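turn this into a structure:
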Amino acid sequence: MITKRGNYYGAYAFNGLGVYTNHLKLRRDQEYMRGEHIQGFSTKEEAVRFAEEGFANLQGTDFLMDTIPDDDDLRTNWFFFNKKNHE
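Purely as a prediction, here's the structure:
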């Protein structure tokens with residue numbers, strides 16, 4: 001279920017995380033999320049913190065969205081997947 005509170009949505013799941021401003025795109029991407037947690041926020045910073053902290057708690061590892069280039073179009077409305085290494 002999506003909790004709408006603002007203009008930004010933080011999302012995390014067992015297989016990745018993302019920040020959205022486009023509600024329709026978020027709904028479409030839910031098909032690919034496994035065990036998703038989604039919440040609306042007033043600011044991008046709150047949405048990023050929710051996604052990063054939630055994903056870190058599920059995975060026991062940190063993933064910082066700061067590693068993605070600082071371009072609002074690139075850092076929002078995408079679900080970044082955590083791919084397992086197959087060794």
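
contacts and neighbour counts: CA atoms only from here.
Will do.

so, low pLDDT: which residues of this structure?
Residue ranges of the chain with pLDDT under 70: 1-5, 61-75, 81-87.

try 80 this time
Applying pLDDT under 80 to the chain flags the ranges 1-6, 59-87.

show me the longest helix that occurs in it.
Taking DSSP state H as the criterion, the chain has its longest helix at helix 44-59.

elements contacting that one?
strand 8-13, strand 16-20, strand 37-41 (3 or more Cα pairs under 8 Å, 6 or more residues apart in numbering; DSSP states H and E).

once you drop chain neighbours, what's closest to A11?
I38 (4.4 Å; Cα to Cα, 6 or more residues apart in numbering).

wait, the one you found sits on G10?
Yes. Using Cα atoms under 8 Å, I38 makes contact with G10 at a distance of 5.7 Å.

and the two? Which one has more around it.
G10 (29 against 23; other Cα atoms under 10 Å).

can you get me a residue count around the residue lying closest to that one once chain neighbours are set aside?
Excluding the flanking residues, the one nearest G10 by Cα to Cα, 6+ apart is A47, at 4.2 Å. Neighbour count for A47, taken as other Cα under 10 Å: 24.

shouldn't A47 be in contact with Y8?
Yes. Using Cα under 8 Å, A47 and Y8 qualify as a contacting pair, with a distance of 6.2 Å.

intersection of neighbour lists for the two?
Taking Cα atoms under 8 Å, 6 or more residues apart in numbering as the contact rule, the neighbours common to A47 and Y8 are V19, G40, F41.

assess the claim that the last one and V19 are in contact.
This means F41. No. Using Cα under 8 Å, F41 makes no contact with V19, being 10.1 Å away.

re the thing from before, now render the helices and strands packed on helix 44-59 as CSV, adding distance to N57.
Output for those, formatted as CSV (distance: least, Cα to Cα, whole Å):
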stretch, distance to N57
strand 8-13, 10
strand 16-20, 12
strand 37-41, 12
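
of those strands, which is nearest F55?
strand 8-13 (5.5 Å; Cα to Cα).
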